[in-house]
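Participant: Have a look; sequence and predicted model below, questions after that.
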Amino acid sequence: MAYTCPKCGNNTFRINDKPSGLVSWEKKPDGNIDIKIDTIFPVRAYFCSSCKYVELKYENPNQS
């Protein structure tokens, strides 16, 4: 199902079927990146196939 994009106004705003996870990361002084997989923040992507606008919204894992 498509919705109206809040940026361009086209009816091409879609919701990704599956949630994703954002992780915390930190760049160390030596240039390496430390990824913290114990702090995953569940989100669902909303995107416009016309203008490529993207929104990430919190996806509560405790709700069905």
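Facilitator: Perfect, I can see it now.

Participant: Let me know the average pLDDT across the top strand by length along the chain.
Facilitator: Ordering each strand of the chain by length in residues (DSSP state E) puts strand 33-48 first. Confidence for strand 33-48, expressed as mean pLDDT, is 91.

Participant: Just the C-alpha atoms of that strand, please, in CSV.
Facilitator: Below are the C-alpha coordinates for strand 33-48, written out as CSV (Å, rounded to 0.1, in the frame of the first residue of the first chain):
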residue,chain,number,x,y,z
ILE,A,33,34.9,1.3,14.6
ASP,A,34,33.5,-0.4,17.7
ILE,A,35,29.9,-1.7,17.1
LYS,A,36,27.7,-2.2,20.1
ILE,A,37,25.4,-5.0,19.1
ASP,A,38,23.9,-5.2,22.7
THR,A,39,22.1,-1.9,22.1
ILE,A,40,19.9,-2.6,19.0
PHE,A,41,17.2,0.0,18.5
PRO,A,42,14.3,-1.6,16.4
VAL,A,43,13.0,0.6,13.6
ARG,A,44,10.8,0.3,10.5
ALA,A,45,11.8,2.1,7.3
TYR,A,46,9.3,4.3,5.5
PHE,A,47,10.5,5.4,2.0
CYS,A,48,9.5,7.3,-1.1
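
Participant: ok, it: who's next to it in the sheet?
Facilitator: Strand pairing for strand 33-48, using DSSP bridges, gives strand 13-15 (antiparallel), strand 20-27 (antiparallel), strand 54-58 (antiparallel).

Participant: Any chance you could list what contacts that strand?
Facilitator: Outside strand 33-48, the residues that touch it by C-beta atoms under 8 Å, 6 or more residues apart in numbering are 5, 7-8, 10, 12-16, 19-28, 53-61. (Glycine included, C-beta is placed from N, CA and C.)

Participant: mind redoing it with 7 Å?
Facilitator: 5, 7-8, 10, 12-16, 19-28, 53-59, 61 (C-beta atoms under 7 Å, 6 or more residues apart in numbering).
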